[in-house]
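In: Pasting the sequence and the predicted coordinates here, then a few questions.
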Amino acid sequence: MGLFDKLFQAAPEQTKLTQQEAFAGIAVAIAGADGSIASSEWDGIVNYIQRLRIYDNFSDQAFNKLFDKLFRILKSQGAGALVKASAEELSEELRLTAFACAVDIALADGVLEDSEKDIINQLASALAIPENTAVSIIEVMLIKNKV
């Protein structure tokens, strides 16, 4: 490593997340699990975020900063790492909502990829959601997203 390599290295990505980043992080992770975010998935993320009180005081600049951070983590560390970091910081009261949101977003494009199934399973475990509760949420979201 040369002298200038140390100076110009990228700083390691900070994965400690706020509540707002954690909730949005779960949504971004599920949407990006298959390698791309469909417009229907992005619309789902925006729809959920607009309805939650935890984002009431967020400006456009704050949202841009939040999503920039989440997309950097997704790109550099992957969806699994983003789920893990998000689940660690998400409050108990938002866990079921975040899980339902994630399943809804995964189903929004009409196709549930294996990578999305894997992230949903990982998410249920990371959020400590009982299996019967997770299955019930998935069943409701399947009904909701039927065409």
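Out: Here it is on my side, so go on. Numbering: from 1, shown residues only.

In: In stretch 111-130, which residues are buried?
Out: When neighbours are counted by 16 or more other CB atoms under 10 Å, the buried residues of stretch 111-130 are found to be 112, 115-116, 119-120, 122-124, 126-127, 129. (C-beta placed from N, C-alpha, C; glycine too.)

In: TSV please, covering the residues you listed and showing secondary structure and distance to residue 142.
Out: Below are these laid out as TSV (DSSP: H, G, I helix; E, B strand; the rest coil; distance: CB to CB, whole Å):
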residue	secondary structure	distance to residue 142
112	coil	9
115	helix	18
116	helix	13
119	helix	17
120	helix	12
122	helix	19
123	helix	16
124	helix	15
126	helix	22
127	coil	19
129	coil	17
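
In: Redo those residues as TSV? Include distance to residue 66 and pLDDT.
Out: Written out in TSV, the entries for the buried residues of stretch 111-130 read as follows (distance: CB to CB, whole Å; pLDDT from 0 to 100):
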residue	distance to residue 66	pLDDT
112	26	85
115	23	88
116	22	89
119	20	92
120	23	95
122	22	94
123	19	96
124	24	97
126	20	96
127	20	97
129	24	97
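
In: Turn the residues you listed into CSV, columns for distance to residue 102.
Out: Rendered in CSV, the data for the buried residues of stretch 111-130 read as follows (distance: CB to CB, whole Å):
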residue, distance to residue 102
112, 12
115, 13
116, 9
119, 8
120, 7
122, 10
123, 6
124, 9
126, 11
127, 9
129, 11
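
In: Among the residues you listed, which one sits closest to residue 52?
Out: Of all these, the one with the least separation from residue 52 (CB to CB) is residue 127, at 16.4 Å.
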